[in-house]
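Colleague: Sharing a sequence plus its predicted fold:
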2 protein chains.
Amino acid sequence: MTKSATLASEAYGRLRSDIIDGAIKPGAKLKIRTICDQYGIGASPVREALNRLASEGLLDHRDQRGFRVHSVTLQDLDELILARCWANEVGLRNSIRSGGLAWEEGVTAALQRLEAIPRYLSDDTTERNPAWEQAHGAFHAALVAASGSSWINDFCTQLYVAAQRYRHAARTVPRAGRNEQDEHRAIAQAAIARRENEAVELLMEHFRLTARLVRAALRQDGM
Amino acid sequence: MTKSATLASEAYGRLRSDIIDGAIKPGAKLKIRTICDQYGIGASPVREALNRLASEGLLDHRDQRGFRVHSVTLQDLDELILARCWANEVGLRNSIRSGGLAWEEGVTAALQRLEAIPRYLSDDTTERNPAWEQAHGAFHAALVAASGSSWINDFCTQLYVAAQRYRHAARTVPRAGRNEQDEHRAIAQAAIARRENEAVELLMEHFRLTARLVRAALRQDGM
DNA sequence: CACAATCAAAAAATCGATATTTAAGTTGAC
DNA sequence: GTCAACTTAAATATCGATTTTTTGATTGTG
């Protein structure tokens, strides 16, 4: 399934998933020895994986004191959303201005794939569908793909990952009659039609709505 | 001087400096064994350092094929400047709007420190002064310190480091009657006086001017 | 009772050796 | 002469053991 060329990369992938999914809880300490035992991998590869994750902001690292999962707080959420809105606004505006046919096709294709996949595995919204999450990330990446700067694109995906962690950290996010599919379609249509301000506004609202729901859920969980 | 708690962090710091300074050339391959011999450090810490640097975009890494310094190209420079302008624009605008006394003091202090340090060690602009470079980075960080999002701040410093590498890669950057000190002071004054648009415009021009000089120098060096 | 100093267990960091993989150079067939 | 298959040297990746540091508990002291 996940066939990485090196054990370090495999450990990186698995840890990353576990952190994003919330299987490893925010604030939790990652003891190297424990991970080695669980994954059946030596310390060196695990260590490399942890170092990479720390550079990406998923983990905190202090010399001689090990690694722990970056904690989730309401303030961090605000800071995250701020950065996310900024990066995606820049990325989307530039893509709309200078994106060519390839960009349009990318957005359309990503949207179709997203709509073809069920959001949850079962009906009761408890079991997330990894395939959907994958397609969702690809959709948001496609929107800003023609930003003109790979730095911006990388930032967007990095922020997307961080945000995903928050969504999953909030145990019970109320769906509140929300229809994400409609939002996605509206954003994509406005973008491809080159209605810049409308597209940006829709996308920002998309982020802010998610943020509001997550914030409420976090408060309820006493955080 | 550079007293790191762990060998991995020390290797990270030294490699980072060498890469930014251009002592290790863009595109060069980093053989782990060689680094171990040079630094007198084992493979594990070196490996960790390399992994961190790769996550930050200073190195390229492919499984089983080692690490090499991310190459410098004219296109990459363009992409870098674009991202840098956007990130710093939003950082500065937010700081000017919501920055308090602490922010003002930070900018003022950083400027004073910068002006007190000579740009070059000798008169002929060949030998850069590390202390100045340090203060220069601190100044630019201070400008955006009150952006309201640590993500944005981190991105700005990351982009600053990447840009520094380009400045150093261009062997002979003509000074062309430029007075950086004046530029810095003008930017700081406009920012603190809350003249938002003026400050942003000055900062952007500051970046673009550097970019033009570097681009010209790179072309001359046949790149 | 608070506080410092000491000690022991746990965890992080590091090293040296080994196993795998890639890259390069050589040979041989067509 | 070209290209493929083989061989060898170099480099990456990994493991297991050792060293160093931190943490938490315990003990003794003011």
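Modeller: Structure received. Numbers count the residues shown, from 1 in each chain, chains lettered A, B, ... in the order given.

Colleague: domain ranges for chain A?
Modeller: A:7-69, A:74-220 (automatic domain parsing).

Colleague: Can I get those in JSON lines including distance to DNA strand C and mean pLDDT?
Modeller: C-beta coordinates here come from the backbone N, C-alpha and C atoms, glycine included. JSON lines is the format used below for the domains of chain A (distance: least, C-beta to the nearest atom of the strand, whole Å; pLDDT from 0 to 100):
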{"stretch": "domain A:7-69", "distance to DNA strand C": "3", "mean pLDDT": "94"}
{"stretch": "domain A:74-220", "distance to DNA strand C": "21", "mean pLDDT": "92"}
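
Colleague: Can you check which of the ones you listed gets nearest to DNA strand D?
Modeller: domain A:7-69 (2.4 Å; C-beta to the nearest atom of the strand).

Colleague: any idea of the angle the host helix or strand of A:Gln164 forms with helix B:150-169?
Modeller: Element membership for A:Gln164, per DSSP states H and E: helix A:150-169. Going by axes from the mean of the first three to the mean of the last three C-alpha atoms, to 10 degrees, helix A:150-169 is angled at 160 degrees with respect to helix B:150-169.

Colleague: anything in helix A:150-169 sitting right up against chain B?
Modeller: Yes - using C-beta under 8 Å from any C-beta of the partner chain, we find that helix A:150-169 touches chain B at A:150-152, A:154-155, A:159, A:162.

Colleague: who's in contact with the residue lying closest to A:Thr157 once chain neighbours are set aside?
Modeller: Excluding its sequence neighbours, the residue lying closest to A:Thr157 (C-beta to C-beta, 6 or more residues apart in numbering or on different chains) is A:Ala141, at 5.9 Å. Going by C-beta atoms under 8 Å, 6 or more residues apart in numbering or on different chains, A:Ala141 touches A:110, A:153, A:156-157, A:160.

Colleague: May I ask which helix or strand encompasses A:Ala141?
Modeller: helix A:130-143.

Colleague: wait, A:Val163 sits on A:Ala83?
Modeller: One correction, residue A:163 is Ala, not Val. No - if you go by C-beta atoms under 8 Å, A:Ala163 and A:Ala83 don't touch, sitting 9.8 Å apart.

Colleague: of the two, who's got more company?
Modeller: Taking neighbours as other C-beta atoms under 10 Å in any protein chain shown, A:Ala163 and A:Ala83 compare with A:Ala83 leading, 28 against 21.

Colleague: In a helix, the more buried one, correct?
Modeller: Yes - counting by DSSP: H, G, I helix; E, B strand; the rest coil, A:Ala83 is located in a helix.

Colleague: Residue most distant from the centroid, chain A?
Modeller: A:Gln64 (29.6 Å; C-alpha atoms, centre = their mean).

Colleague: my guess is that residue is in a strand, correct?
Modeller: No - counting by three-state DSSP, A:Gln64 is located in no strand; its state is coil.

Colleague: ok, it to A:Ser150 distance?
Modeller: A:Gln64 sits 35 Å away from A:Ser150, going by C-beta to C-beta, to the nearest Å.

Colleague: go on, A:Gly57?
Modeller: 18 Å.

Colleague: now do A:Glu89
Modeller: In terms of C-beta to C-beta, A:Glu89 sits 17 Å off from A:Ser150.

Colleague: which residue packs closest to the residue most central in space within chain A, ignoring adjacent ones?
Modeller: Nearest residue to the geometric centre of chain A (C-alpha atoms, centre = their mean): A:Val161, 2.7 Å. Leaving out its chain neighbours, the residue that sits closest to A:Val161 by C-beta to C-beta, 6+ apart is A:Ile20, at 6.4 Å.

Colleague: Can you tell me the SS state at the closest residue to the residue farthest from the centre of chain A other than its chain neighbours?
Modeller: Nearest residue to A:Gln64 in three dimensions, chain neighbours excluded: B:Ala5, at 5.6 Å (C-beta to C-beta, 6+ apart). Of the three states, B:Ala5 takes coil under three-state DSSP.

Colleague: was I right about B:Ala5 contacting A:Arg65?
Modeller: No - using C-beta under 8 Å, B:Ala5 is not in contact with A:Arg65, being 9.3 Å away.

Colleague: A helix includes A:Leu213, no?
Modeller: Yes - A:Leu213: assigned to a helix according to three-state DSSP.

Colleague: I'd like the distance between it and A:Arg171.
Modeller: Taken as C-beta to C-beta, the span from A:Leu213 to A:Arg171 is 12 Å.

Colleague: Give me the more crowded residue out of the two.
Modeller: The neighbour count for A:Leu213 versus A:Arg171, taken as other C-beta under 10 Å, is higher for A:Leu213 (17 against 10).

Colleague: how near is that one to B:Gly66?
Modeller: Counting by C-beta to C-beta, the gap from A:Leu213 to B:Gly66 is 45 Å.

Colleague: could I have the helix holding A:Ala141 exported to CSV, CA atoms only?
Modeller: This file holds the C-alpha atoms of helix A:130-143, laid out as CSV (Å, rounded to 0.1, in the frame of the first residue of the first chain):
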residue,chain,number,x,y,z
PRO,A,130,-9.6,9.1,3.4
ALA,A,131,-10.2,9.1,-0.3
TRP,A,132,-12.4,12.2,0.0
GLU,A,133,-9.9,14.0,2.2
GLN,A,134,-7.3,13.2,-0.4
ALA,A,135,-9.5,14.6,-3.2
HIS,A,136,-10.4,17.6,-1.1
GLY,A,137,-6.8,18.5,-0.6
ALA,A,138,-6.2,18.1,-4.3
PHE,A,139,-9.1,20.4,-5.1
HIS,A,140,-7.8,23.2,-2.9
ALA,A,141,-4.3,22.8,-4.4
ALA,A,142,-5.7,22.9,-7.9
LEU,A,143,-7.4,26.2,-7.2
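
Colleague: Now do that helix: distance to the chain's middle.
Modeller: 9 Å (C-alpha atoms, centre = their mean, to the nearest Å).

Colleague: hey, where'd the helices end up in chain A?
Modeller: A:7-21, A:32-39, A:43-55, A:74-98, A:101-115, A:130-143, A:150-169, A:180-192, A:196-220 (DSSP state H).

Colleague: Hmm, A:His70 is touching A:Ser55, no?
Modeller: No - if you go by C-beta under 8 Å, A:His70 and A:Ser55 don't touch, sitting 12.0 Å apart.

Colleague: which of the residues in stretch A:36-52 are buried?
Modeller: Within stretch A:36-52, the residues that count as buried by 16 or more other C-beta atoms under 10 Å in any protein chain shown are A:36, A:39, A:41, A:44-52.

Colleague: Within reach of chain B, which of those residues are there?
Modeller: Within those, those near chain B by C-beta under 8 Å from any C-beta are A:44, A:47-48, A:51-52.

Colleague: Contacting DNA strand D as well, which ones from these?
Modeller: A:44, A:48 (C-beta under 7 Å from any atom of the strand).

Colleague: For A:Cys36, see how far away A:Glu10 is.
Modeller: Using C-beta to C-beta, A:Glu10 is found at 13 Å from A:Cys36.
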